[in-house]
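[1] Here is my input; please provide its structure:
(one chain, ligands or ions: 1)
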Amino acid sequence: MYVAETFVSLQGEGMLVGTPSHFIRTSGCNLRCRWCDTPYTSWLPEGERRNVPALVAEAVSSGLGHVVVTGGEPLLQREIGELTRRLRAADLHVTVETAGTLASDFECDLLSVSPKTSNSDPQGERRAAHRRIRGDREPLRALLARCGEHQVKFVISDGDDIPEVLALLDEIGPVSPDRVLLMPEGRSAREVAAKAPLVAALCLQHGFRYTPRLHLDLFGGGRGV
Ligand code: SF4
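    Residues are numbered from 1 along each chain as shown. Below is the predicted model:
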């Protein structure tokens with residue numbers, strides 16, 4: 001499969017925030033978010049071909065109990081089913097992070113789905129395709145129906161995003177509010193901090209969870225964190 005990087009870090013977002021984890025970041029994405037924080041997996045994908053047994057062996061040798069398969073869009077990878085099944089067979093807790101636009105066959109212990117809203121739309125020639133792909137709810141419904149343990153994360157740019165988030169949840173629901181996480185948009189700790197009070201207030205108002213972007217606070221972002 002096409003892999004941009006593997007690394008060990010603390011999970012930066014979501015219900016397992018702070019958990020030491022081995023990350024497998026695949027390269028290639030069917031979306032083009034304007035604020036993508038890993039453009040080397042989407043706008044200008046980089047990486048190398050890695051085989052599944054080697055990736056599993058590397059994850060096991062990390063000595064950590066948690067593996068996060070992320071991207072890019074990992075569900076684009078033909079070997080995603082084989083990879084996730086082998087990781088789980090090795091007694092590893094597997095989180096799969098996806099935008100939820102594909103309903104590929106795979107296994108996980110936690111489905112971490114981050115549906116994209118209009119605040120992600122890019123300018124230019126990729127805009128129409130991005131909007132069409134992110135607007136298809138069928139893969140998202142299928143994933144949520146299939147994967148028991150799940151979280152649904154939204155990137156929030158400002159308060160105007162909330163009506164769209166609520167409408168999307170209605171379309172794919174029911175999703176328990178304590179499985180819905182809001183996180184501030186930002187590619188730096190400073191940008192995230194500027195939006196944090198607004199996002200915290202929205203979480204209190206709607207009963208959603210707030211998620212930090214811990215990797216930005218601790219490591220400043222960039223590759224390998
Ligand atoms: S779905 Fe994720 S990897 Fe793909 S463009 Fe959007 S933020 Fe980047």
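[2] make it CA atoms for all contacts and neighbour counts henceforth
    Fine.
[3] From the contact counts, what lies against the lengthiest strand in the chain?
    The longest strand of the chain (DSSP state E) is strand 2-10. The elements that strand 2-10 packs onto, with contact taken as 3 or more C-alpha pairs under 8 Å, 6 or more residues apart in numbering; DSSP states H and E, are strand 20-26, strand 48-49.
[4] and the longest one, does that touch the ligand?
    No: with C-alpha under 6 Å from any ligand atom as the criterion, the ligand is not reached by strand 20-26; the gap is at least 9.3 Å.
[5] Quick one: name whatever helix or strand follows the host helix or strand of E82.
    Take DSSP states H and E as the rule and E82 turns out to sit in helix 80-89. On the C-terminal side of helix 80-89, the nearest following helix or strand under DSSP H and E is strand 93-98.
[6] between the helices and strands packed on strand 2-10, which one is nearest to R146?
    Nearest to R146 among the helices and strands packed on strand 2-10 is strand 20-26; the distance by C-alpha to C-alpha comes to 22.2 Å.
[7] Paired strands for the closest one, with orientation please.
    In its sheet, strand 20-26 lies beside strand 2-10 (antiparallel), strand 66-70 (parallel), with partners assigned from DSSP bridges.
[8] got the end-to-end distance for stretch 62-79?
    Start-to-end span of stretch 62-79 (C-alpha to C-alpha, to the nearest Å) is 21 Å.
[9] Tell me the buried residues in it?
    65-77, 79 (16 or more other C-alpha atoms under 10 Å).
[10] Packed most tightly, which of the helices and strands packed on strand 2-10 would that be?
    Mean neighbour counts were taken over those using mean count of other C-alpha atoms under 10 Å, and the top value, a mean of 24, falls to strand 20-26.
[11] Would you confirm that R179 contacts G148?
    No: the pair R179 and G148 fails to qualify as a contact (C-alpha atoms under 8 Å) at a distance of 11.5 Å.
[12] Look at those two and report which has more neighbours.
    When R179 and G148 are compared for neighbours, R179 comes out ahead with 17 against 12, by other C-alpha atoms under 10 Å.
[13] For the protein, which segments count as helices?
    In the chain, the segments counted as helices under DSSP state H are 52-61, 80-89, 127-134, 138-146, 162-172, 189-206, 214-219.
[14] Relative to S27, which of those helices is closest?
    Evaluated with C-alpha to C-alpha, these place helix 80-89 nearest to S27, the distance being 12.4 Å.
[15] The strands paired with strand 20-26 into JSON lines, with extra columns for mean pLDDT and distance to the ligand?
    Supplementary listing: these in JSON lines, determined by pLDDT from 0 to 100; distance: least, C-alpha to the nearest ligand atom, whole Å:
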{"stretch": "strand 2-10", "mean pLDDT": "98", "distance to the ligand": "11"}
{"stretch": "strand 66-70", "mean pLDDT": "98", "distance to the ligand": "8"}
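[16] For the closest residue in space to Y40 that isn't next to it in sequence, give me phi and psi.
    Closest residue in space to Y40, ignoring its immediate chain neighbours: E46 at 5.5 Å, by C-alpha to C-alpha, 6 or more residues apart in numbering. With angles defined as degrees, to the nearest 10, E46 sits at phi -130, psi 160.
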